[in-house]
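Asks: A predicted structure for the sequence below; I have some questions about it.
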Amino acid sequence: MWALVKSGSVDTVYSTPIATTIADIKYPKTIFTLWTESERKEIGIYDIVRKDRPDQAFYDRGTSSYSYNSGTDKVNEDFTITEKNLADLKSTHTESTKDTGDVKIRAYGWLVERYILDNSKTIPDAVKTYAAAVRSHCATICTAIDGCSDLDAFKVVHAKMYDDDGEYKTGWPDESSIIGYKRMR
């Protein structure tokens, strides 16, 4: 990103290279990619020093603003950072955990329906054990989430639950021994 500075203030911000006119002179968009930083500065265009982005899982970022600092001869980006609402985070992650547990068990729900229609066809013990383990793991996660009193505590629980891609880490019961009973609707 670049900014056109006029009289010590940011006049225009360029997020992508585009042709531009400065002081009645037309410049091609290649000034942003082929010119050196010092060549751009000569016509008043500065590279923007971007502010580090907060983790979007925990923080909201306000609208960016840009200012020229004559002391450092740089244009800096700034924005406000606010914590996400802890109650909302807890609610969202609790529901997500419950949904995940439900999906894991629901694939075996047909066995319950079959048993209701014909109780001579029992539900295999391994499936019952798996479903109980899923419910227990789900309850453990939900209790940990509920116990978070502030965002820092929630971050610790979140790090234990999720990998860097936002996917659940291991901990959910292994279904490999009962996979033959699995039915997706």
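Replies: On my side now, so go ahead.
Asks: all contacts plus neighbour counts: C-alpha atoms, from now on.
Replies: Fine.
Asks: Can you list the buried residues in stretch 155-175?
Replies: By neighbour count with 16 or more other CA atoms under 10 Å, stretch 155-175 contains the buried residues 157-158, 161, 168, 172-173, 175.
Asks: Redo those residues as a markdown table? Include secondary structure and distance to residue 78.
Replies: Converted to a markdown table, those look like this (DSSP: H, G, I helix; E, B strand; the rest coil; distance: CA to CA, whole Å):
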| residue | secondary structure | distance to residue 78 |
| --- | --- | --- |
| 157 | helix | 30 |
| 158 | helix | 28 |
| 161 | helix | 32 |
| 168 | strand | 33 |
| 172 | coil | 41 |
| 173 | coil | 45 |
| 175 | coil | 48 |
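Asks: which of those lies closest to residue 111?
Replies: Of all those, residue 175 has the smallest distance to residue 111: 15.2 Å, by CA to CA.
Asks: who does the strand or helix carrying residue 77 pair up with?
Replies: Under the criterion of DSSP states H and E, residue 77 resides in strand 74-78. Taking DSSP bridges as the criterion, strand 74-78 forms sheet pairs with strand 45-49 (parallel), strand 65-69 (antiparallel).
Asks: In three-state terms, how would residue 148 be classified?
Replies: Assigned by DSSP: H, G, I helix; E, B strand; the rest coil, the conformation of residue 148 is coil.
Asks: which stretches of this protein form strands?
Replies: With DSSP state E as the criterion, the chain has strands at 2-6, 9-14, 20-22, 25-27, 45-49, 59-61, 65-69, 74-78, 81-83.
Asks: mind giving me JSON lines with those and columns for distance to residue 137?
Replies: Shown next, in JSON lines, are those (distance: least, CA to CA, whole Å):
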{"stretch": "strand 2-6", "distance to residue 137": "50"}
{"stretch": "strand 9-14", "distance to residue 137": "49"}
{"stretch": "strand 20-22", "distance to residue 137": "58"}
{"stretch": "strand 25-27", "distance to residue 137": "61"}
{"stretch": "strand 45-49", "distance to residue 137": "45"}
{"stretch": "strand 59-61", "distance to residue 137": "27"}
{"stretch": "strand 65-69", "distance to residue 137": "45"}
{"stretch": "strand 74-78", "distance to residue 137": "42"}
{"stretch": "strand 81-83", "distance to residue 137": "28"}
